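Student: Fold the following and give me the result.
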Amino acid sequence: MTATPKRIHEEPKDKMRPELALVLCSAGAKSPENEDLLRSLLGQGVDWDEVLACALEHRLLPVVYERLHALGTDWLAQEQWEVLAELARNEGIKSLYFLGEMLRLHGLFEAGQIPAIPYKGPILAWLAYHDAGSRTFADLDFVVAQQYIPQAIAALQAAGYEARFDLREAQKGGPEPAGGEYAFVRAPNFTRVELHTERTLRYFPRPLNLDEMKARLIPVEIAGRTVSTFSVEDTLVMLCVQGAEHFWVRLAWIVDVARLATAQPVDWLLAMRIAAEMKCVRLLLLGLSLAHDLLGASLPQKILEQAREDANVRWLAGEVHEQIQGIFDLSTGVLRRAAFRIRSHDRIGEGVWQLLRRAIGPTQSERPRARLPRVLAPMDMFLRSWRQLRENGVGWRPRLKPDLAIYGATLPEVAEKMLRLAEITSGDVLYDLGCGDGRIVVMAAEQYGIRAVGVDINPRRIAEARDNARWHGVEDRVQFLLGDAKQVDVSAATVVTLYLGSDGNLRLAGRLRSQLRPGARIVSQKFRIYGWPPERVESHVLPNGVETPLYLWRIKEVSAKDAAVE
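Tutor: Prediction:
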């Protein structure tokens, strides 16, 4: 028996912006009401760059393309269709490549008698979407029992992959805190593979019982091969636990739950029993309630009633709803993060204990750091907590949500090449949007003697940038602004540098188009501005052999109506 669409969480406080609503609606269950809403959103006019940015940010581009294509091509202009189709084609090619690589590696593991279980990625796409090309993913995931990690590492190295962790960790098996996943990368396209074990998947309330889960494995016929993966019930629980671990910041994770729960037969009694044994019933109910509320997933009435009766599930769902609307960012602010994590557990005491365990254990980013001797473990714990507090803040005041890019420092040689590509002269004014530690701004001021401005949303990065300017003695020629680059007036700029993502570039496209004067140049590292053909493209080969493209655009003298970038 399924339920009528009654929400677990009450209506949101603020109305969702139409661009995000369109993406969410495209991913939702098909119904006459949903189709009417899609037509209404398209008819009222939306910022198409923001629609594409939302779809890329939440990894829902293929889903959006498929739904809008089924709706009919008359709803979009020809150039909008061309950009959407190009993006969907690119994502589809990547997805098919990952599918082929997953099957190749699965075959290598089988040949080496290594019981590696693929999950998420292409096999989830096959189960939940019935098409590997309908889901976007950036890596491949395998679950391997800890005892088989040395053999799995050897197999991946033989297949051309390089370990991104200290290989001494392959021999771990004692009581010390486990780090994150075992990550590998293969050049030249930097394909990433992650191995997970019952020890590294430490964000589950209880360690995974792989023997029980292996007894429930199901065969999946995919691209002419039979591959075993976790049962639908186990997968649903794992998806809901992982989504909550990352505060459900990506809509694709909720879509995965909704699609899997409706595309495959689910033994709901078994799913709830598995969740109860793993002490994550509340996490499962939260994921299912989000799939129902946001995407119209049809679920058993008993499941929805249990979610509605749990005050903590309602509170958690409300937090996620407001985060999706952009009211605040759950991933920042130690106090709010702690409250979310504690209330996610079936018992408050378990939530507190899990929170303390996280504080004791190293995070993935901390694994490369040398750890202090055992006698100084309390100091190590204090330093780890201090770093988290500095990075995330206490949470008394809400921080702006970083929706343009994840921070990544530009290599000095790449920064130099970007400035040369911009053909900087003495009269230029440079704006670096998403400036990080300010290295491009400082280099422009120091080497070219020009005025330069850096903008970043992270106060820690701005502090680093100002220290960097003082160290190089260019404080009088640079300025660093703490704020959202989407709101900054860039009309004074003659050169703009970017190292964002494709979605971040799209979010700035309208501002750059409307505010920059003819002759202004835009240089972007690695990522294009889709829909704007670049004037020039140069490549830079990084020390690790990866080729990084650099794009140059120049604002042309055109009418206001036809303003464009070449």
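Student: Only C-alpha atoms from now on, for both contacts and neighbour counts.
Tutor: Fine.
Student: now the helices for the stretch 201-350 of the chain?
Tutor: Per DSSP state H, counting those that start in this stretch, the stretch 201-350 of the chain carries helices over the ranges 210-215, 232-245, 251-263, 268-277, 281-295, 301-309, 311-324, 334-344, 348-360.
Student: packing partners for the longest one?
Tutor: In other words, helix 281-295. Secondary structure elements in contact with helix 281-295, counted by 3 or more C-alpha pairs under 8 Å, 6 or more residues apart in numbering; DSSP states H and E, are helix 18-27, helix 232-245, helix 251-263, helix 268-277, helix 301-309, helix 311-324.
Student: for those helices, which one sits closest to residue 353?
Tutor: Comparing those against residue 353 with C-alpha to C-alpha, the closest turns out to be helix 232-245 (15.3 Å).
Student: could you check the angle helix 281-295 makes with the closest one?
Tutor: With axes from the mean of the first three to the mean of the last three C-alpha atoms, to 10 degrees applied, the angle from helix 232-245 to helix 281-295 works out at 80 degrees.
Student: Compute the inter-axis angle for helix 232-245 and helix 311-324.
Tutor: On the basis of the same axes, to 10 degrees, helix 232-245 is oriented at 60 degrees to helix 311-324.
Student: and residue 93, what element?
Tutor: With elements taken from DSSP states H and E, the one containing residue 93 is helix 78-111.
Student: which secondary structure elements does that helix contact?
Tutor: Counting by 3+ C-alpha pairs under 8 Å, 6+ apart, the packing neighbours recorded for helix 78-111 are helix 61-71, helix 121-129, strand 139-143, helix 149-158.
Student: how big is the angle separating that helix from strand 139-143?
Tutor: Using the same axes, to 10 degrees, helix 78-111 lies at 30 degrees relative to strand 139-143.
Student: before we move on, back to that, want to throw the helices of the stretch 201-350 of the chain into JSON lines with mean pLDDT, mean neighbour count and distance to residue 62?
Tutor: Shown next, in JSON lines, are the helices of the stretch 201-350 of the chain (pLDDT from 0 to 100; neighbours: other C-alpha atoms under 10 Å; distance: least, C-alpha to C-alpha, whole Å):
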{"stretch": "helix 210-215", "mean pLDDT": "94", "mean neighbour count": "12", "distance to residue 62": "31"}
{"stretch": "helix 232-245", "mean pLDDT": "95", "mean neighbour count": "22", "distance to residue 62": "20"}
{"stretch": "helix 251-263", "mean pLDDT": "95", "mean neighbour count": "23", "distance to residue 62": "11"}
{"stretch": "helix 268-277", "mean pLDDT": "96", "mean neighbour count": "16", "distance to residue 62": "29"}
{"stretch": "helix 281-295", "mean pLDDT": "95", "mean neighbour count": "26", "distance to residue 62": "16"}
{"stretch": "helix 301-309", "mean pLDDT": "94", "mean neighbour count": "17", "distance to residue 62": "29"}
{"stretch": "helix 311-324", "mean pLDDT": "90", "mean neighbour count": "20", "distance to residue 62": "20"}
{"stretch": "helix 334-344", "mean pLDDT": "82", "mean neighbour count": "19", "distance to residue 62": "31"}
{"stretch": "helix 348-360", "mean pLDDT": "69", "mean neighbour count": "15", "distance to residue 62": "35"}
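Student: For residue 427, give me the pLDDT.
Tutor: What the model reports for residue 427 is a pLDDT of 89.
Student: shouldn't it be in contact with residue 448?
Tutor: No: checked against C-alpha atoms under 8 Å, the pair residue 427 and residue 448 is beyond contact range at 9.7 Å.
Student: So for those two, which sits in the more crowded spot?
Tutor: Comparing residue 427 with residue 448 by neighbour count (other C-alpha atoms under 10 Å), the higher total belongs to residue 448, at 15 against 11.
Student: excluding its backbone neighbours, what's nearest that one?
Tutor: The shortest distance from residue 448 to any non-neighbouring residue, by C-alpha to C-alpha, 6 or more residues apart in numbering, is to residue 426 (6.6 Å).
Student: Could I get the contacting residues of the one you found?
Tutor: For residue 426, the contact set (C-alpha atoms under 8 Å, 6 or more residues apart in numbering) comprises 448, 449, 450.
Student: can you list the weak-confidence ranges in the stretch 1-150 of the chain?
Tutor: Residues of the stretch 1-150 of the chain that meet the criterion pLDDT under 70 lie in 1-14.
Student: quick revisit: now tabulate the helices and strands packed on helix 281-295 in CSV and tack on distance to residue 290.
Tutor: Supplementary listing: those in CSV, determined by distance: least, C-alpha to C-alpha, whole Å:
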stretch, distance to residue 290
helix 18-27, 12
helix 232-245, 10
helix 251-263, 7
helix 268-277, 17
helix 301-309, 10
helix 311-324, 7
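Student: Nearest to residue 187 among those helices would be which one?
Tutor: When the helices and strands packed on helix 281-295 are compared (using C-alpha to C-alpha), the closest one is helix 251-263, at 27.0 Å.
Student: and the angle for the closest one with helix 268-277?
Tutor: Direction vectors for helix 251-263 and helix 268-277, defined by the same axes, to 10 degrees, enclose an angle of 140 degrees.
Student: mind listing what's buried in stretch 38-52?
Tutor: Judged by neighbour count using 16 or more other C-alpha atoms under 10 Å, the buried positions of stretch 38-52 are 38, 42, 48, 49, 50, 51, 52.
Student: any idea what the last one is structurally, helix, strand or coil?
Tutor: Look at residue 52: counting by DSSP: H, G, I helix; E, B strand; the rest coil, its state is helix.
Student: quick one on the thing from earlier: ranking the helices and strands packed on helix 78-111 by burial, who's on top?
Tutor: Each of those was scored by mean neighbour count; the highest is helix 121-129, a mean of 23, by mean count of other C-alpha atoms under 10 Å.
Student: So which elements touch that helix?
Tutor: With contacts taken as 3+ C-alpha pairs under 8 Å, 6+ apart, helix 121-129 sits against helix 78-111, strand 139-143, strand 218-222, helix 251-263.
Student: closest to residue 454 out of those?
Tutor: The closest approach between residue 454 and any of those, judged by C-alpha to C-alpha, belongs to helix 78-111 at 29.6 Å.
Student: What distance do you get for the residue most central in space within the chain to residue 421?
Tutor: Residue closest to the average C-alpha location in the chain (C-alpha atoms, centre = their mean): residue 250, at 6.2 Å. Distance, residue 250 to residue 421, by C-alpha to C-alpha, to the nearest Å: 35 Å.
Student: what's the answer for residue 82, then?
Tutor: Here the criterion is C-alpha to C-alpha. By it, residue 82 lies 28 Å from residue 421.
Student: So for the two, which sits in the more crowded spot?
Tutor: Neighbour comparison, residue 82 and residue 421: the larger count goes to residue 421, with 18 against 14 (by other C-alpha under 10 Å).
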